[in-house]
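>>> Quick one: sequence plus predicted model below, questions after.
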Amino acid sequence: MKEAVTKFIDKECLIYLLNGQVNGIIREVTDNSLLVETKTERQILNLDFVIRIREFPKNKK
C-alpha cells in the first residue's frame with residue numbers, strides 16, 4: 001500500500017476511510033501512516049483504515 005500511495009505525494013486527493021473521508025494534500029507517507037494537509041490543519045491517518053485514494057478532480061463542472 002505504501003508504494004501505491006507514494007504516487008499521490010504533493011497532490012490534492014480524496015481519501016476514503018472506514019468512517020468517512022478526508023480532502024487534502026498528501027505530504028508524506030511512512031510505513032503505516034499518511035500525513036495529510038487540509039486547508040485548516042494537518043492530520044496523520046493510519047493506512048490500515050484507508051479504503052480508497054483518488055486525485056481530486058480539478059476541472060469538475
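Yep, it's here. Residues are numbered from 1 along each chain as shown.

>>> so the residue nearest in space to the middle of the chain is in which element?
The residue lying closest to the centre of the chain (C-alpha atoms, centre = their mean) is I15, at 4.6 Å. If you go by DSSP states H and E, I15 is part of strand 12-17.

>>> ok, residues contacting that strand?
For strand 12-17, contacts defined as C-beta atoms under 8 Å, 6 or more residues apart in numbering pick out 21-26, 34, 36, 45, 49-56. Yep, even glycine has a C-beta here, placed from its N, CA and C like the rest.

>>> neighbours of L45, just the number please.
17 (other C-beta atoms under 10 Å).

>>> What sits closest to V22 if chain neighbours are left out?
Nearest residue to V22 in three dimensions, chain neighbours excluded: I15, at 4.6 Å (C-beta to C-beta, 6 or more residues apart in numbering).

>>> Please report how far that neighbour lies from L45.
Look at I15 and L45: by C-beta to C-beta, to the nearest Å, they are 7 Å apart.

>>> Give me the longest strand you can find in this protein.
strand 20-29 (DSSP state E).

>>> Check which residues of the helix or strand following that strand are buried.
Next helix or strand after strand 20-29 toward the C-terminus (DSSP H and E): strand 33-37. Going by neighbour count (16 or more other C-beta atoms under 10 Å), the buried part of strand 33-37 is L34, L35, V36.

>>> wait, doesn't the first one sit right on I26?
Yes: under the contact definition of C-beta atoms under 8 Å, L34 touches I26, with a separation of 6.4 Å.

>>> Check the contact lists of the two and give me the overlap.
With C-beta under 8 Å, 6+ apart as the test, L34 and I26 both reach V5, I15.

>>> Find the nearest non-adjacent residue to R54, please.
L14 (5.4 Å).

>>> which residues touch F8?
Applying C-beta under 8 Å, 6+ apart, the residues contacting F8 are I26, I53, E55.
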